[in-house]
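**Student:** Kindly return the folded structure for what I paste below:
(one chain, ligands or ions: 1)
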Amino acid sequence: MTTNIIENTPKRVITEAEVFPSSEVMLDLKNLKKVYPTPKGDYVVLEDLNLQIKKEEFVTIIGHSGCGKTTMLSMIAGLNPISGGHISVLGKHITGPGPDRGVIFQAPSLMPWMTALQNVLLGVDQVFPHATKAQRHDIAKYYLQKVGLEDAFHKKASDLSQGMQQRVGIARAFAIKPKVLLLDEPFGMLDSLTRGELQDILIEIWNKEKITAVMITHDVDEAIFLADRVVMMTSGPKAKIGDVLNIDFERPRTRKSVLEHDDYYTYRKHLIDFLEH
Ligand SMILES: Nc1ncnc2c1ncn2[C@@H]1O[C@H](COP(=O)(O)OP(=O)(O)OP(=O)(O)O)[C@@H](O)[C@H]1O
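**Tutor:** Residues are numbered from 1 along each chain as shown. Predicted structure coming up:
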């Protein structure tokens, strides 16, 4: 695969997915293809999609509605069969879901009759069966505290606001200590204030844990604020990686420092130009 760096843009923009040394790669999508059978015949959503994501990297994915972002993410999660090519985590081909990959969906899909703590424990108990009950509770409580729910351990999920439920979803995903965190528009249903708060919480935990993260978003500002790289998908059918933008802001970042950075509007313009053409 070729890597073409456009020299005359102010920042590093790569027109095809970059290839990294294998020791640096966490997630490798190789010639990925997805075909959905439909009454009108096969619909090829993704074809020849190549993308490598490095260890400890935070990648955001943007692209037009219906291009295949969720399809790609659900294939990485092992929840959607692969039609061609392969996906590997640390060099090992995936064949289904596994505790090495945690998922946060737009709706947190909690068990409504269970408490926040019980919901987080569901995953923890499965992934750490040999830990003592006290140890498993400590893990679940630690992450619930991290997302600001120290006073809501014993509240039923159905009694929590949407934002609080998504906090439980974040705690649940981190608590199983996955190698890769997959996020499908996790803040899409939240008001902008709650969205900002949860972005801060997410990035604070991520800064500490340095889990490889892949997140779909429709929000260009969110994509820039969170990411080391923003990956742009072409429109379907046969969608693939159209462009990749490296975000060179230092970490840890604050929203203010990002907004005031000289490069911010250059990045923003690049992403909007991609989406508009
Ligand atoms: N099970 C399925 N069977 C047939 N077609 C499907 C199926 N799931 C998704 N599709 C189609 O595949 C395409 C990609 O869908 P997908 O949900 O992956 O896109 P997306 O980029 O995540 O969209 P959005 O941004 O709106 O969430 C769409 O045209 C969708 O209608």
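**Student:** Now the helix with the most length in the chain - C-alpha only, PDB.
**Tutor:** In the chain, taking DSSP state H as the definition, the longest helix is helix 192-209. Extracted in PDB, the C-alpha atoms of helix 192-209 (Å, rounded to 0.1, in the frame of the first residue of the first chain):
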ATOM      1  CA  SER A 192     -24.300  19.700  24.300                       C
ATOM      2  CA  LEU A 193     -23.500  20.400  27.900                       C
ATOM      3  CA  THR A 194     -23.700  16.800  29.000                       C
ATOM      4  CA  ARG A 195     -21.900  15.800  25.800                       C
ATOM      5  CA  GLY A 196     -19.000  18.100  26.700                       C
ATOM      6  CA  GLU A 197     -18.900  16.800  30.300                       C
ATOM      7  CA  LEU A 198     -18.700  13.200  29.100                       C
ATOM      8  CA  GLN A 199     -16.100  14.000  26.500                       C
ATOM      9  CA  ASP A 200     -13.900  15.300  29.300                       C
ATOM     10  CA  ILE A 201     -14.600  12.200  31.500                       C
ATOM     11  CA  LEU A 202     -13.900   9.900  28.600                       C
ATOM     12  CA  ILE A 203     -10.600  11.600  27.700                       C
ATOM     13  CA  GLU A 204      -9.500  11.800  31.400                       C
ATOM     14  CA  ILE A 205      -9.900   8.100  31.900                       C
ATOM     15  CA  TRP A 206      -8.400   7.400  28.500                       C
ATOM     16  CA  ASN A 207      -5.300   9.600  29.300                       C
ATOM     17  CA  LYS A 208      -4.800   7.400  32.400                       C
ATOM     18  CA  GLU A 209      -5.500   4.000  30.900                       C
END
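**Student:** how distant is that helix from the center of its chain?
**Tutor:** 13 Å (C-alpha atoms, centre = their mean, to the nearest Å).
**Student:** That one packs against which elements?
**Tutor:** The contact analysis (3 or more C-beta pairs under 8 Å, 6 or more residues apart in numbering; DSSP states H and E) places helix 192-209 against helix 133-146, helix 162-175, helix 220-226. Where C-beta positions appear, they are placed from N, C-alpha and C, glycine not excepted.
**Student:** Quick one: closest of the ones you listed to the ligand.
**Tutor:** The ligand lies closest to helix 220-226 among those, at 13.0 Å (C-beta to the nearest ligand atom).
**Student:** Show me what that closest one is packed against.
**Tutor:** strand 58-62, helix 192-209, helix 255-260, helix 264-276.
**Student:** mind putting those in a markdown table, mean neighbour count included?
**Tutor:** Shown next, in a markdown table, are the helices and strands packed on helix 220-226 (neighbours: other C-beta atoms under 10 Å):
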| stretch | mean neighbour count |
| --- | --- |
| strand 58-62 | 25 |
| helix 192-209 | 16 |
| helix 255-260 | 12 |
| helix 264-276 | 15 |
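**Student:** who in the stretch 51-200 of the chain is up against the ligand?
**Tutor:** Residues of the stretch 51-200 of the chain found near the ligand (C-beta under 6 Å from any ligand atom) are Gly63, Ser65, Gly66, Cys67, Gly68, Lys69, Thr70, Thr71.
**Student:** Can you verify my assumption that the third one contacts Thr234?
**Tutor:** The one in question is Gly66. No: using C-beta atoms under 8 Å, Gly66 makes no contact with Thr234, being 12.0 Å away.
**Student:** quick revisit: and the helices and strands packed on helix 220-226 as a markdown table, adding mean pLDDT and distance to Gly91?
**Tutor:** Shown next, in a markdown table, are the helices and strands packed on helix 220-226 (pLDDT from 0 to 100; distance: least, C-beta to C-beta, whole Å):
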| stretch | mean pLDDT | distance to Gly91 |
| --- | --- | --- |
| strand 58-62 | 98 | 18 |
| helix 192-209 | 93 | 22 |
| helix 255-260 | 93 | 34 |
| helix 264-276 | 96 | 31 |
